[in-house]
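Student: pasted the sequence and its predicted model underneath.
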Amino acid sequence: MGSVIDYIECPRCGQPNCMSDFYYKSGEEYVQCPDCGYYKSVEIKEDSRKKNFSDFTEDDWEITELKKPYGAYRAKSKESKAWMGGSISNKNHYNRIIKNLTDDIDELTISRWIKGKVVVIDVIRKLKLEKLKKGIK
């Protein structure tokens with residue numbers, strides 16, 4: 001299965017960092033913006049994989065889209081050189097990420113599209129500052 005990865009202008013925030021991963025043999029595509037969290041996937045439904053590709057109809061495709069996500073995250077653990085990231089669907093999802101933050105994550109940024117601008121928050125630094133403020137009081 002081959003794919004073409006390209007950077008496109010994000011349909012939501014217009015930033016040029018949006019990544020499109022298009023699988024040219026199946027027609028499936030995944031779009032992810034690291035700036036605002038926009039996400040779209042166009043996938044073949046599992047029960048449709050047995051059909052002949054030329055016989056596909058609209059009912060054989062599953063489209064998932066986060067048009068107005070809360071933001072995007074980017075994290076790295078102390079043990080790894082690789083980064084992981086993805087979309088944050090809503091405020092509750094963001095709160096779960098913060099609540100489940102472990103000590104092995106040494107870098108975490110949240111990127112949000114607010115009032116026409118990309119705002120990046122260094123979460124680890126913010127949490128450390130909040131702890132310091134509580135200690136001073």
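Tutor: Received, thanks.

Student: can you list the domain ranges for the chain.
Tutor: If you go by automatic domain parsing, the domain ranges for the chain are 3-66, 71-136.

Student: got these as CSV, with mean neighbour count and mean pLDDT columns?
Tutor: Every residue, glycine included, has its C-beta placed from N, CA and C. Formatted as CSV, those follow (neighbours: other CB atoms under 10 Å; pLDDT from 0 to 100):
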stretch, mean neighbour count, mean pLDDT
domain 3-66, 15, 92
domain 71-136, 14, 89
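
Student: the biggest strand by length in the chain pairs with which strands?
Tutor: If you go by DSSP state E, the chain has its longest strand at strand 105-114. Paired strands of strand 105-114, with direction, are strand 71-77 (antiparallel), strand 117-122 (antiparallel) (DSSP bridges).

Student: what sits up against it?
Tutor: 12-13, 34-37, 70-78, 88, 94, 101, 118-124 (CB atoms under 8 Å, 6 or more residues apart in numbering).

Student: quick one: contacts for E65?
Tutor: Per CB under 8 Å, 6+ apart, neighbours of E65: 39-41.

Student: if you set the cut-off to 7 Å instead, what comes out?
Tutor: 39-40 (CB atoms under 7 Å, 6 or more residues apart in numbering).

Student: Provide the strand pairings for the helix or strand harbouring it, with the direction of each partner.
Tutor: If you go by DSSP states H and E, E65 is part of strand 61-66. Applying DSSP bridges to the sheet, strand 61-66 is found paired with strand 39-44 (antiparallel).

Student: next, the angle strand 117-122 makes with whichever helix in the chain runs longest.
Tutor: The longest helix of the chain (DSSP state H) is helix 123-136. Helix 123-136 and strand 117-122 are oriented at 60 degrees to each other (axes from the mean of the first three to the mean of the last three CA atoms, to 10 degrees).

Student: helices or strands next to helix 123-136 in the packing?
Tutor: Here helix 123-136 touches strand 105-114, going by 3 or more CB pairs under 7 Å, 6 or more residues apart in numbering; DSSP states H and E.
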